[in-house]
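>>> need a structure here:
(2 chains)
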Amino acid sequence: MSTRDGWIRAPTLPARWRSALLLVPLLVLDVGVFLVPMGYLLRLSFTAQTPDGAFVEGSWATDGYQYVFETGLVHDVFGFTLGFGVLVTALSVAIGTAYAYAAWQATGWTKTVLLSGAVLSLFTTMVVKLFAVVLVFSPRGVVNDLLTGLGVVAEPLLLIDNLTGAVLAQLYIVVPYAILSVYAVLSTLDRGLVEAALDLGATRQRAAREVVLPHARPGIAVAGVVSFTWSVGAYAGPLLLGSGSEQTTGVLISRLLLTRFDWPAAAALSVVTIVVVFAVLLAALWRLGGDGGLLDA
Amino acid sequence: MLELDGITTRYGELTAVDNVSLRVETGELFCLLGPSGCGKSTILRTVAGFETPAAGRVSIGGTDVTDRPPHERDCSIVFQDWALFPDKSVLANVAFGLKMQGVGKTERRERARERLELVEIAEYADAAPAALSGGQKQRVALARSLTVDPDLLLLDEPLSNLDRRLRETMQLELTDIHDRLETTMVYVTHDQNEAFTLADRMGVMNDGRLVQVGEPATVYDDPRNRFVESFLGSTNFLSCRVAGAGDRPMLETPLGVRFRAPIDGADLAVDESVVVSLRPERLTVEHPTTGSRSEPTAVEDGGADTVTVTGTVTETIHRGSDVRIRLSVGDADLFVEEPVATGLTVAAGDRLALRWSPGEAVYFDTAGERCR
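Purely as a prediction, here's the structure:
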């Protein structure tokens, strides 16, 4: 390289420094919005409780963790949160996979409608979406009017202000992401492979199981991760559509923060929740990666 | 074995296959030959059950399968891009058809391995398809289709993604496998050499229609129309004027000679045009003898006699075993192919004498139909 046409050459850096430099914005973002707050949260979880404020500045204590590990209520909430997460994840992955498969199989208008149905619901905010769930599933809502009108049920079903409501609300939030992550992978599947399976004697269902599902596995894994992470962190769904006894760790943390002013306990509960979610995801990914090799004959 | 009766297949407005009827006998290796987009692959997909014909019936082994889904048809297709299952091992790919039939694990693995040995690729049984070369993938795809012992094997341009040498090896192996297993095969290709190498019989397609069916040599020597003649190898087309009508009409060529064509000229009027096809291998070239140097000679008799013209070499192209010589003769350009072994040495600018027998040329009217 030479200096030409009066351009002043920037001081040249060795190539590997130049590429490292490209990572700087990303690192700044990561450190600023993720590592620093996480470190602060961790520090907060090790401060002492005090009856007249949020926490004792500069103190070191394990009060928060003692509360988390020794309180029966916290154990119950934790158990419920994990169970809720698993239930929502299972439903979300099943619905998302079936929907994505239908959208992939569909052609023309049907395909457009199915896909835009999944995408459009992402354009509305969570609160609007959740009030829509209320309107649809309340005792005098669309679903119940339809069911009683058709005579399927005599009395309106109680679909909100209970566990069903909390699950429905959470599904409204996570299912579109599940659909899109499975669909994105399915759209890369060569249809010739399905034809080859049919040609060799597979029925449509069998071809879906032997060829389509194995191909969609990474997408299904992503759908599972997204659904689980979001459901374990659920807050608005259970709060708005649960009965009040559907307490997730998110709900409990907000109560600790806002009504009991026990910041060390809230911080400790947050840290434990994060660790548990990470552990579950790592275990699941390890399991998925373990048999990700060639399928048996 | 395979019987197509008036098959018409459409994609929306486009008619890909237009009223095709065809019989393929048991044990036959039948080639469907035609240019890209002529509908030959669509016929194969219709036979396999991936396309539903708008009209007509398909029957395999005497059973009408027109309304049956692909998995209920006793045929298997080898795809152009092989369509191997990427998540399954080579052995699992080959055993797939048997797995669908409910054959037990030990037996299906054993039978799959046998087929892999038949196509000489058994050592790759545990490999992933992605680790194989094009030729190896082709063998696996063939083994996978053969493992279900289909009554009818369909091959959709299976060798077109391979290089020439590999293609020729695979062609020979395929005929070998065909002889050994006696499976009825329908082979789709756009390569006439491939069709000549493989086919017991072939069908030439153009524009969705089946133009001509027959043994390769017969189709080559006795083409039904101008399309078949031009598709099955290179030739010289000469547009000639009818100078005298009637039986054995007199044709005036742009080469500067007239000759009587051995065809029935009853439908031809004076001044109409007739296209003469002169295959390069039917033309003899030699350095002109001093006596015939002067003017091109016309032959009045079209029978066993020959037409001789003299032309100037414009270009010579060495093509390995033969030399293609382009000549300017009168108002037309002709080419001939001479084996290098004949030792004829020519250079641009040389004068050469060309000779052919009118009985060995073929003639087409303005619509491209054969004049006989």
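>>> Pull out the buried residues from the host helix or strand of B:Phe227.
Assigned by DSSP states H and E, B:Phe227 belongs to helix B:226-231. Of all the residues in helix B:226-231, those buried under the rule 16 or more other C-beta atoms under 10 Å in any protein chain shown are B:Arg226, B:Phe227, B:Val228, B:Glu229, B:Phe231. C-beta: built from backbone N, CA, C; applies to glycine.
>>> which residues are in contact with the host helix or strand of B:Val204?
In the assignment (DSSP H and E), B:Val204 maps to strand B:201-206. Contact with strand B:201-206 is made by B:20, B:22, B:24, B:28, B:30-35, B:38-40, B:43, B:195, B:210-216, B:219, B:227-228, B:231-232, as judged by C-beta atoms under 8 Å, 6 or more residues apart in numbering or on different chains.
>>> can you check stretch A:79-98 too?
By C-beta under 8 Å, 6+ apart, stretch A:79-98 touches A:166-167, A:170-171, A:174-175, A:177-179, A:181-182, A:213, A:216, A:220, A:223-224, A:227-228, A:231-232, A:234, A:238, A:246-250, A:273, A:276, A:280.
>>> go on, stretch B:178-187?
B:1-2, B:24-32, B:44, B:47, B:118, B:146, B:150-155, B:158, B:194-195, B:198-199.
>>> mind running it again at 7 Å?
B:1-2, B:24, B:26-32, B:44, B:146, B:150-155, B:198 (C-beta atoms under 7 Å, 6 or more residues apart in numbering or on different chains).
>>> Could you work out the end-to-end span of that stretch for me?
Start and end residues of stretch B:178-187 are separated by 12 Å (C-alpha to C-alpha, to the nearest Å).
>>> got the buried residues for it?
Buried-residue list, stretch B:178-187, by 16+ other C-beta under 10 Å: B:His178, B:Thr183, B:Thr184, B:Met185, B:Val186, B:Tyr187.
>>> sorry, back to before: mind listing which of the contacts of stretch B:178-187 are in helices?
In helices, defined here by DSSP state H, the members of the contacts of stretch B:178-187 are B:Leu44, B:Leu146, B:Leu198.
>>> These, buried ones only, as a PyMOL selection?
Buried members of the ones in helices among the contacts of stretch B:178-187, defined by 16+ other C-beta under 10 Å, are picked up in PyMOL with:
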select buried, chain B and resi 44+146+198
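>>> export the buried residues of stretch B:178-187 to JSON lines and tack on secondary structure?
Shown next, in JSON lines, are the buried residues of stretch B:178-187 (DSSP: H, G, I helix; E, B strand; the rest coil):
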{"residue": "B:His178", "secondary structure": "helix"}
{"residue": "B:Thr183", "secondary structure": "coil"}
{"residue": "B:Thr184", "secondary structure": "strand"}
{"residue": "B:Met185", "secondary structure": "strand"}
{"residue": "B:Val186", "secondary structure": "strand"}
{"residue": "B:Tyr187", "secondary structure": "strand"}
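>>> And these, which is closest to chain A?
B:Val186 (13.8 Å; C-beta to the nearest C-beta).
>>> who does the closest one bridge with?
B:Phe30, B:Leu154 (DSSP bridges).
>>> swap in B:Arg10?
Beta-bridge pairing for B:Arg10 (DSSP bridges): B:Thr15.
>>> what's the first-to-last distance across stretch B:229-247?
23 Å.
>>> where do the helices sit along the stretch 101-250 of chain A?
All helices of the stretch 101-250 of chain A, identified by DSSP state H, counting those that start in this stretch, fall at A:108-120, A:126-137, A:142-150, A:163-186, A:191-199, A:204-207, A:213-232, A:236-241, A:249-258.
>>> now for the shortest one, which elements pack on it?
Going back to what we said before, that points to helix A:204-207. Contacting helix A:204-207 under the criterion 3 or more C-beta pairs under 7 Å, 6 or more residues apart in numbering or on different chains; DSSP states H and E are the following elements: helix A:191-199.
>>> so where do the helices sit in chain B?
According to DSSP H, the helices that chain B contains are B:40-48, B:90-100, B:105-118, B:134-147, B:164-181, B:192-198, B:216-221, B:226-231.
>>> about what we covered before: can you list the neighbours in contact with the helix holding B:Phe227?
Residues contacting helix B:226-231 (C-beta under 7 Å, 6+ apart): B:35, B:192, B:204, B:206, B:211-212, B:219, B:223, B:235, B:275, B:277, B:362, B:364, B:368.
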